[in-house]
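> Test case, fold it:
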Amino acid sequence: APPRHHHPAQAAYIVYTSGSTGTPKAITVTATTLENVVEWQLARRSGSQTGVQLASIGFDVSLLEFFVTLSDGGRLVLPDEDQRRDPDLLLDLLADKRVERLYSTPAFLHQLAYAWAQREQRPALSLREILLSGEVLRLSDELHELLRHLDNPTLENQYGPSETHEATANLLTGDPH
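As a prediction, this is how the structure comes out:
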């Protein structure tokens with residue numbers, strides 16, 4: 001590893017969040033905090049190598065999409081704006097590029113699962129890790145159906161307010177029902 005040229009307490013980025021209070025505020029995330037979160041994610045990985053970058057650059061999950069994938073030698077797929085907004089186009093991209101890891105909100109994952117369930121020709125997806133955050137996770141019939149058609153996927157619901165720089169996670173494996 002190259003030598004570090006920053007102080008561990010140096011700011012890596014600032015994110016605006018309403019967090020648990022509902023009042024927008026700026027949160028400074030240090031280089032050490034970012035490193036710790038990336039290392040935590042890497043230690044929990046199931047070994048997938050190809051990720052997709054979907055989150056807005058203003059959402060701190062985008063940093064996990066970048067750094068977790070690239071720091072482990074993985075490949076990061078960059079969809080265009082049409083693919084980001086259209087679940088059908090995104091499904092085709094995920095299948096074509098054999099994306100194995102997806103960070104998402106539960107609401108967006110439900111849109112993706114619904115679009116997949118409505119298709120006559122369902123694309124074969126390579127998703128092995130689905131990491132969710134940002135809101136409550138509820139499992140719909142369409143999501144159950146999608147998960148049943150994946151090869152031994154893990155679904156992980158994560159929660160971590162930016163103010164504390166900590167996260168909790170619930171890893172779901174096995175039969176989706």
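> Tell me where this structure is predicted with low confidence.
Along the chain, segments meeting pLDDT under 70 span 4, 6, 18-20, 46-48, 161-166.
> Now do the helices in it.
Assigned by DSSP state H, the chain shows helices spanning 31-44, 61-71, 81-85, 87-96, 106-118, 141-148.
> Can you say which of those is nearest to residue 174?
Nearest of the helices of the chain to residue 174, taken as CB to CB: helix 141-148 at 10.0 Å. C-beta here means a position set from N, CA and C on the backbone, and glycine is covered the same way.
> Next, the angle from that closest one to helix 106-118.
Counting by axes from the mean of the first three to the mean of the last three CA atoms, to 10 degrees, helix 141-148 lies at 80 degrees to helix 106-118.
> Next, the angle from helix 141-148 to helix 87-96.
Here helix 141-148 runs at 10 degrees with respect to helix 87-96, directions being taken by the same axes, to 10 degrees.
> Can you pull up the most central residue in the chain?
For the chain, residue 103 is the residue whose C-alpha lies nearest the centre (CA atoms, centre = their mean; 1.3 Å).
> For that one, give its distance to residue 119.
For residue 103, the distance to residue 119 equals 23 Å [CB to CB, to the nearest Å].
> Could you do residue 111 as well?
Distance from residue 111 to residue 119, counting by CB to CB: 13 Å.
> Could you list which residues are in contact with residue 137?
Residues near residue 137 by CB atoms under 8 Å, 6 or more residues apart in numbering: 106, 157.
> What's the separation between it and residue 115?
Distance from residue 137 to residue 115, by CB to CB: 18 Å.
> and what of residue 145?
Taking CB to CB, one finds residue 145 at 12 Å from residue 115.
> residues contacting residue 65?
Residue 65 touches 51, 52, 53, 54, 55, 76, 103, counting by CB under 8 Å, 6+ apart.
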